[in-house]
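1. Give me the fold of what follows.
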Amino acid sequence: MKPLVVIAGAIHPDGMKQLEPEARVIVTDQVTEEGMIEVAREAEGILFRIRPDCTRALMTACSRLKVIGRHGVGLDTVDLKAATDLGIAVVHAPGSNSDSVAEHALMLILACAKQTLDVDRMTRKAEWRRPPKGNMELKGKTLGIVGVGNIGRRMARLGHALGMRVIGYDKYVPDEEVRARGAEPLPDLYSVLSEADVVTCHTPHTPETHHMIDGKAVAKMKDGVIFVNTAGLRRQPAAEPAQCRRQLAHGGGHGGDRTRDGHAGDGRDAAGAPGRKAARARQSRPLAQARASPVMLGKLWFWPKLAHLR
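-> Presented below is the predicted three-dimensional model:
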């Protein structure tokens, strides 16, 4: 009998055509650990997409399991130690979605720079006027890339195509290789954040990168910066939401008042007026997610929550 393979969500038909001659394939929409165990208890292979996480409990319950696959790049949703302990192979597809993620990040950058959501909303209301904030012309601006790997190098090419200066920081890539990938290497994260007009983050989620964009990091950014986070598109992002919101609401960053350690105070500047970033966010609720809560901009699960702002 062919082995049973369970897929946690639909995949491209071409992928199904490759699997079906070799295995009995079940596609499930279960997103909970309990639901997946119920479906995959006899499976020898499970292909995970976004949810659920592949935990020790799940792998233990699926006693015939031999291989775990990730439909994508990140392995932060898989308990690798548990898989090793249980003798289960883990495979993923590095680079498979790099172009798609880079294009997605570019779309988000352009949506912010050109006030796309404002323009869309006004057009639907037949309000024939300019958006409340001026557009940002990207040519001549500085694109800062945090993480110059498979996706980061693609972002560098896109930045150059727009006529941008491209800078980057990657702790694990030598300076000469960063240059070869199209970015001017800077010595540390804060150097990139302080120089860039647009920051895009493309690091894997690891204990080292967990919440690396916190209040102190936001305080280093220019006023009016566009920050797109498509790294760690799950519940544990590279950016720390609460600190970022506090700092942005306070108007921190270059030109904004902030406390000494980079954390926000009460959301107002020294004169008692709302910080400039907070004021800009309130002018356009949809683009608040782009300008003043950037960690949410790259979160696919967050987009439906903006429906009421149309």
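
2. Please spell out which residues along the longest helix along the chain are buried.
-> Longest helix of the chain, by residue count under DSSP state H: helix 98-113. Under the neighbour-count criterion of 16 or more other C-beta atoms under 10 Å, helix 98-113 has 98, 101-102, 104-106, 108-109, 111-113 buried. Bear in mind the C-beta positions are built from the backbone N, C-alpha and C, glycine included.

3. and if you look at stretch 9-23?
-> Result for stretch 9-23 [16+ other C-beta under 10 Å]: buried residues 11, 23.

4. Equivalent analysis for stretch 33-45, please.
-> Across stretch 33-45, burial judged by 16+ other C-beta under 10 Å covers 33, 36-37, 39-40, 43-45.

5. Show only the entries of those found in helices.
-> Residues of the buried residues of stretch 33-45 located in helices (DSSP H): 33, 36-37, 39-40.

6. follow-up on the earlier one: which other helices and strands does the longest helix of the chain contact?
-> Applying 3 or more C-beta pairs under 8 Å, 6 or more residues apart in numbering; DSSP states H and E, one finds that helix 98-113 makes contact with helix 150-161, strand 198-201, strand 226-229, helix 285-291.

7. List every C-alpha atom in that helix, with coordinates, as CSV.
-> Only the C-alpha atoms of helix 98-113 are listed here, as CSV (Å, rounded to 0.1, in the frame of the first residue of the first chain):
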residue,chain,number,x,y,z
SER,A,98,12.1,34.3,-2.5
ASP,A,99,10.9,36.1,-5.6
SER,A,100,7.3,36.1,-4.4
VAL,A,101,8.3,37.6,-1.0
ALA,A,102,10.5,40.2,-2.6
GLU,A,103,7.7,41.2,-4.9
HIS,A,104,5.3,41.3,-2.0
ALA,A,105,7.6,43.6,0.0
LEU,A,106,8.0,45.9,-3.0
MET,A,107,4.2,46.1,-3.3
LEU,A,108,3.9,47.1,0.4
ILE,A,109,6.7,49.7,-0.1
LEU,A,110,4.9,51.2,-3.1
ALA,A,111,1.5,51.1,-1.3
CYS,A,112,3.0,53.2,1.5
ALA,A,113,5.0,55.6,-0.8
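
8. Quick one: mean pLDDT for it?
-> Here helix 98-113 scores 93 as its mean pLDDT.

9. Give me the angle between it and helix 150-161.
-> Between helix 98-113 and helix 150-161, the angle comes out at 50 degrees (axes from the mean of the first three to the mean of the last three C-alpha atoms, to 10 degrees).

10. Relative to the whole chain's centre, how far out is helix 98-113?
-> Centroid displacement of helix 98-113 relative to its chain, using C-alpha atoms, centre = their mean, to the nearest Å, is 11 Å.

11. Next: stretch 199-208.
-> 8 Å.

12. May I have the residues that are in contact with the residue nearest to the spatial centre of the chain?
-> Centre of the chain computed as the mean C-alpha position; nearest residue by C-alpha atoms, centre = their mean is T230, 1.8 Å away. Applying C-beta atoms under 8 Å, 6 or more residues apart in numbering, we find T230 in contact with 101, 104-105, 108, 151, 200-202, 298.

13. With distance to T123 added, can I get the residues you listed in CSV?
-> Shown next, in CSV, are the contacts of T230 (distance: C-beta to C-beta, whole Å):
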residue, distance to T123
V101, 29
H104, 23
A105, 25
L108, 20
I151, 32
T200, 27
C201, 31
H202, 32
G298, 25
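
14. Hmm, G159 and L143 touching each other?
-> Yes: the pair L143 and G159 qualifies as a contact (C-beta atoms under 8 Å) at a distance of 3.9 Å.

15. Name the residues contacting each of the two.
-> Shared contacts of L143 and G159, defined by C-beta under 8 Å, 6+ apart, comprise 165-166.

16. Would you mind measuring from G147 to M212?
-> Applying C-beta to C-beta, to the nearest Å, the value for G147 to M212 is 10 Å.

17. Which one's more surrounded, these two?
-> Between G147 and M212, counted using other C-beta atoms under 10 Å, G147 has the larger neighbour count: 24 against 17.

18. about what we covered before: which of the helices and strands packed on helix 98-113 is buried the deepest?
-> Stretch with highest mean neighbour count among the helices and strands packed on helix 98-113: strand 198-201 (a mean of 28; mean count of other C-beta atoms under 10 Å).
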